[in-house]
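Q: Okay, sequence plus prediction incoming.
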Amino acid sequence: MRFKLKNTLLLSLMLMLLMIACSPPKKISVYDLSYLYVTDGKFTELVSDVYHASDSVSYVYVEVKLPDLHYVRPDYSDNYQVEYHISYRLMESYESKVTIDSATLTYIDSLNFGRDVLMIHVIEIPARYPDKYVLELELVDVNREESIKDFIWVNKEDMNSPQNFLLLNRSNRPAFTTYVGNREKFRIKVNDNDISMLYVRAYFRDFPFARPPFVQEKMKSFNYKADSIFQVPVYNGESDWVQVEKEGFYHFQRDTTQRKGMTVFRFYDDYPDLVTAGELAAPLRYITTKKEFEELSEAVGKKEALDKFWLKTAGSAVRAKSLIQKYYNNVQDANFYFTSYLEGWKSDRGLIYIVFGRPGIVYRGYGQEEWVYGDPDHRNSLRFTFVKVNNPFTSNDYMLLRSPTFKDPWYITVQSWRR
């Protein structure tokens, strides 16, 4: 009897393990992705870019900063080494459980002085026109036993979407960004060797920062008439070198009969960092009164006015130092994560991130993000929903669904910055 019972339990355990192994993976949209907006404690940043090389092949460029990885000296070896994996999983969408393709690539590097500290790996994925995908990308530092993950939209709807272009820096490498400085030279790679010219529409517009989350705003139509138009020659799939000095955004197109293309943004010189007193003063609009902000903006000595504001707001030099560090860390994080056609701190997601802090829970689905502050099962938890905007200049534009119910939480949180 004992023999039969033992085998029955073993069989039940085997069946249970089999059911777990065979159960389909969950949709990405049900997972908490708040770790994507964490900056503190990461061993590195996962930096990547997607470029469509042909109808059936796309390349994922992944930049690995070798000094961020943990080198160890193996037994009987004089050289320090690092081992890291780059894994990817290509899926239909955030709501899909289907994996179209996946792979794990292993790299080993020895620490030799004088070598390039930035490694750029090129991974080929089988993305085809016309379609959209979600790419799950993961970098694993084996020696540290830590990993970092990101999710990337792969837009291959047509030949004019932004990922059909690749921004190259002055070293002729992927720039991994959409914004440039005033002294930076760059060029554009395009996946058609027959193109001889790129057409550039430049826009020099001053956009307002986001309004409080309870203030309903009407969508204003954008005037697509360019403030300036010029052309850039293309040779064998790569443009001539370009340098833009005037602040604004520059929309590169291969086909001017439609609005799609790739946009390069030129913000203030120090972007995304905050250096000058004016750069530090502007984001304070979210926690200042109208009168306070006007006084800061019009002050002749902005640095002294800023110091006076923070000292008065905090009540002591020690608390002022803590608030300044926390607030401006949020602003720079917003610039890093939410830059679109405007600075990240001016965006709706930047507004919420700066004032309320990093969300406790983030759910991401097709065309939207939901941020949760507090217990997700509690009726009093705060939820913000951001809807993706169809914007020809950027894929990172999200609009907050505003509501009068946010008025009290907003003022309570703003006051907490000012106590």
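A: Good, I have the coordinates.
Q: Which parts of the stretch 1-150 of the chain are strands?
A: If DSSP state E, counting those that start in this stretch is used as the criterion, the strands of the stretch 1-150 of the chain fall at 47-52, 58-65, 81-91, 99-110, 118-125, 131-141, 146-156.
Q: To Asn172, which of these lies closest?
A: Distances from Asn172 to each of the strands of the stretch 1-150 of the chain were compared using C-beta to C-beta; the shortest belongs to strand 118-125, at 11.2 Å. Heads up, the C-betas are built off the backbone N, CA and C, glycines and all.
Q: domains of the protein?
A: With domains defined by automatic domain parsing, the chain comprises 26-157, 277-418.
Q: can I get those domains in CSV with distance to Asn191, mean pLDDT and mean neighbour count?
A: As requested, the domains of the chain are exported to CSV (distance: least, C-beta to C-beta, whole Å; pLDDT from 0 to 100; neighbours: other C-beta atoms under 10 Å):
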stretch, distance to Asn191, mean pLDDT, mean neighbour count
domain 26-157, 6, 92, 15
domain 277-418, 18, 94, 17
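Q: As a markdown table, the ones you listed with distance to Gln253 would be great.
A: Written out in a markdown table, the entries for those read as follows (distance: least, C-beta to C-beta, whole Å):
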| stretch | distance to Gln253 |
| --- | --- |
| domain 26-157 | 16 |
| domain 277-418 | 9 |
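Q: Columns distance to Leu274 on top of the strands of the stretch 1-150 of the chain, output as a markdown table?
A: Compiled in a markdown table, the strands of the stretch 1-150 of the chain are given as follows (distance: least, C-beta to C-beta, whole Å):
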| stretch | distance to Leu274 |
| --- | --- |
| strand 47-52 | 21 |
| strand 58-65 | 23 |
| strand 81-91 | 32 |
| strand 99-110 | 34 |
| strand 118-125 | 25 |
| strand 131-141 | 28 |
| strand 146-156 | 25 |
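Q: do you know which of those lies nearest Tyr411?
A: Comparing the strands of the stretch 1-150 of the chain against Tyr411 with C-beta to C-beta, the closest turns out to be strand 146-156 (33.9 Å).
Q: After that closest one, which helix or strand is next?
A: For strand 146-156, the following helix or strand on the C-terminal side (DSSP states H and E) is strand 165-168.
Q: What segments of the stretch 301-419 of the chain are strands?
A: 361-365, 368-373, 382-388, 398-400.
Q: Could you export the ones you listed as CSV, including distance to Asp194?
A: Listed next are these as CSV, based on distance: least, C-beta to C-beta, whole Å:
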stretch, distance to Asp194
strand 361-365, 38
strand 368-373, 38
strand 382-388, 33
strand 398-400, 36
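Q: Point out the one among those that comes closest to Phe338.
A: Smallest distance to Phe338 across the strands of the stretch 301-419 of the chain (C-beta to C-beta): 7.8 Å, for strand 398-400.
Q: What strands line up against the closest one, and which way round?
A: Paired with strand 398-400 in the same sheet, following DSSP bridges, are strand 382-388 (antiparallel).
Q: I'd like to check the angle between the partner strand and strand 368-373, please.
A: Orientation note: strand 382-388 sits at an angle of 160 degrees relative to strand 368-373 (axes from the mean of the first three to the mean of the last three C-alpha atoms, to 10 degrees).
Q: Would you mind pulling the contact partners of strand 382-388?
A: 213, 348-349, 352, 356, 359, 367-374, 397-401, 406, 409 (C-beta atoms under 8 Å, 6 or more residues apart in numbering).
Q: Using PDB, list the CA coordinates for it.
A: Only the C-alpha atoms of strand 382-388 are listed here, as PDB (Å, rounded to 0.1, in the frame of the first residue of the first chain):
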ATOM      1  CA  LEU A 382      -4.100  56.300  -8.000                       C
ATOM      2  CA  ARG A 383      -4.100  55.200 -11.700                       C
ATOM      3  CA  PHE A 384      -2.900  57.200 -14.700                       C
ATOM      4  CA  THR A 385      -3.600  56.000 -18.200                       C
ATOM      5  CA  PHE A 386      -1.500  57.300 -21.100                       C
ATOM      6  CA  VAL A 387      -2.600  56.800 -24.700                       C
ATOM      7  CA  LYS A 388      -0.100  56.600 -27.500                       C
END
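Q: for it, the distance to its chain's centre please.
A: A distance of 17 Å separates the C-alpha centroid of strand 382-388 from that of its chain, computed with C-alpha atoms, centre = their mean, to the nearest Å.
Q: Renumber starting at 36 from here on
A: Renumbered: residue one is now 36, and that last one reads strand 417-423.
Q: how far away is Asn195 from Lys423?
A: Asn195 is 19 Å from Lys423, where distance means C-beta to C-beta, to the nearest Å.
Q: wait, doesn't Leu435 sit right on Phe249?
A: No. Between Leu435 and Phe249 there is no contact, the gap being 10.2 Å when judged by C-beta atoms under 8 Å.
Q: Could you report the neighbour count for the closest residue to Glu252 other than its chain neighbours?
A: Taking C-beta to C-beta, 6 or more residues apart in numbering, and ignoring the residues beside it in sequence, Glu252 has Arg246 as its nearest neighbour in space, at 5.8 Å. By the measure other C-beta atoms under 10 Å, the count of residues near Arg246 is 14.
Q: What separation is there between Ser231 and Gly272?
A: From Ser231 to Gly272 the distance is 11 Å (C-beta to C-beta).
Q: neighbour count winner among those two?
A: Neighbours per residue (other C-beta under 10 Å) separate Ser231 from Gly272, with Gly272 holding more: 14 against 10.
Q: What is the burial count for the closest residue to the more buried one other than its chain neighbours?
A: Counting by C-beta to C-beta, 6+ apart, the nearest residue to Gly272 once its immediate chain neighbours are dropped is Asn228, at 4.7 Å. Applying other C-beta under 10 Å, we find 11 residues neighbouring Asn228.
Q: mind checking the SS state of Asn228?
A: coil (DSSP: H, G, I helix; E, B strand; the rest coil).
Q: show me where this structure has helices.
A: In the chain, the segments counted as helices under DSSP state H are 37-57, 312-316, 325-333, 337-349, 352-373, 383-391, 442-453.
Q: If Trp406 is in a bridge, with which residues?
A: Bridge pairing for Trp406 (DSSP bridges) gives the partners Val397, Phe419.
Q: close enough to count as contact, it and Ile387?
A: Yes. Using C-beta under 8 Å, Trp406 and Ile387 qualify as a contacting pair, with a distance of 6.6 Å.
Q: Give the residues shared as contacts by the two.
A: Common neighbours of Trp406 and Ile387, using C-beta under 8 Å, 6+ apart, are Pro394, Phe419.
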